[in-house]
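K.L.:
Based on what follows, work out the 3D shape:
(2 chains)
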Amino acid sequence: QKEVEQDPGPLSVPEGAIVSLNCTYSNSAFQYFMWYRQYSRKGPELLMYTYSSGNKEDGRFTAQVDKSSKYISLFIRDSQPSDSATYLCAMTLTGGGNKLTFGTGTQLKVEL
Amino acid sequence: DTAVSQTPKYLVTQMGNDKSIKCEQNLGHDTMYWYKQDSKKFLKIMFSYNNKELIINETVPNRFSPKSPDKAHLNLHINSLELGDSAVYFCASSQDVAGKTDTQYFGPGTRLTVL
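P.N.:
Numbers count the residues shown, from 1 in each chain, chains lettered A, B, ... in the order given. All right, here's what the predicted structure looks like:
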C-alpha cells in the first residue's frame, strides 16, 4: 500500500462544475501538503501549498487539510476546459527537507 | 526564459546501453532533484543534491548515478538500461531554506523508452 492514495480517475465534469479532488495518507508525521497540476507531456507545477491543518484559498482553488482524518482536498470552482490536467497531491515531513511523497494523480477532464 | 531545462526530451535506446540525461536550472537554487514517473503517472523521488552534495538517495539500482558538476547542473547517468527503466524522468530544483519546505520547480521531462 502506498503512503499516499489518490483516485486515478479519469474524472469528467461539465464546464462550470465544482470539482473535488482528494488524497488520503497513512503517515501522521506529514506536515506540509501541496497540490501540483500536470498538463499532458509537461512537468508538474505547484498549484497550492498548505502547512498543517486548515483551508487555503487562491482564486478558484481551495485546499483543505484534515490531519485528524489524514485527508486532503482540492476544490476547483467554476471549472474551465483549461483545468483539464492531472492533479497530484504531495506531502512532506517537518524537517524532512524537500523529500516530497506524491499521490498517483487524478486525471481531470472539463468538457464544454 | 526556461527555468529548469532537460536534454534530451526524448530518448529511445536498446537494452544494455548506457545513456545520460542532463539538467540545468537558471533560478539560482541550491537544491536539485531527479524524479521518475511511471506509466501510471506515479512520481517518485530518486536523488537530491544540495550544493553538489548528495542528500537524498532513495532505493534506486546502482546502475543509476547522478552527477552534479556545479549547483546549477544535475545529470543522470544510467548504465545497462533495462526495459523497466522506461519512464519519464523529471529534474526539479528548489531554494534550500533551513527548516522550510520550499517550492520545487520541475523541468519538462525526458521520456525514456528502452527497447
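K.L.:
measure whichever residue of chain B sits closest to chain A to B:F42 for me?
P.N.:
Closest to chain A within chain B is B:F106: 3.4 Å, counting by Cβ to the nearest Cβ. For every residue, glycine as well, the C-beta is placed using N, CA and C. Distance of B:F106 to B:F42, given as Cβ to Cβ, to the nearest Å: 15 Å.
K.L.:
Between the two, which is the more surrounded one?
P.N.:
B:F106 (22 against 18; other Cβ atoms under 10 Å in any protein chain shown).
K.L.:
Tell me what the more buried one is bridged to.
P.N.:
With DSSP bridges as the criterion, B:F106 is bridged to B:A92.
K.L.:
thought it was touching B:F90?
P.N.:
Yes - the pair B:F106 / B:F90 is scored as a contact, 5.2 Å apart, by Cβ atoms under 8 Å.
K.L.:
list residues touching both of the two?
P.N.:
Taking Cβ atoms under 8 Å, 6 or more residues apart in numbering or on different chains as the contact rule, B:F106 and B:F90 both touch A:G43, A:P44, B:Y35.
K.L.:
Stretch A:43-52 near chain B anywhere?
P.N.:
Yes - Stretch A:43-52 is in contact with chain B by Cβ under 8 Å from any Cβ of the partner chain, via A:G43, A:P44, A:E45, A:L46, A:Y49.
K.L.:
quick one: contacts for the residue of chain B closest to chain A?
P.N.:
For B:F106, the contacting residues are A:G43, A:P44, A:E45, B:V4, B:Y35, B:F90, B:C91, B:A92, by Cβ under 8 Å, 6+ apart.
K.L.:
hmm, 6 Å instead?
P.N.:
A:G43, A:P44, B:F90, B:A92 (Cβ atoms under 6 Å, 6 or more residues apart in numbering or on different chains).
K.L.:
A:I18: what's its closest spatial neighbour, skipping adjacent residues?
P.N.:
For A:I18, ignoring the flanking residues on the chain, the nearest one in space by Cβ to Cβ, 6 or more residues apart in numbering or on different chains is A:R77 at 5.5 Å.
K.L.:
Am I right that the one you found is in contact with A:R60?
P.N.:
Yes - between A:R77 and A:R60 there is a contact under Cβ atoms under 6 Å: 4.6 Å.
K.L.:
ok, of the residues of stretch A:43-52 next to chain B, which come out buried?
P.N.:
Listed as buried from the residues of stretch A:43-52 next to chain B are A:G43, A:P44, A:Y49; burial here means 16 or more other Cβ atoms under 10 Å in any protein chain shown.
K.L.:
Which strand residues bridge the closest residue to the second one other than its chain neighbours?
P.N.:
Once its chain neighbours are removed from consideration, A:P44 has its nearest residue in A:Y36; the separation is 3.9 Å (Cβ to Cβ, 6+ apart). In this structure, A:Y36 has beta-bridge partners A:L46, A:L88, where bridges are defined by DSSP bridges.
K.L.:
A:Y36 - how many residues pack around it?
P.N.:
Using other Cβ under 10 Å, A:Y36 has 25 neighbouring residues.
K.L.:
Return the residues in contact with it.
P.N.:
Counting by Cβ under 6 Å, 6+ apart, A:Y36 has contacts A:P44, A:L46, A:L88.
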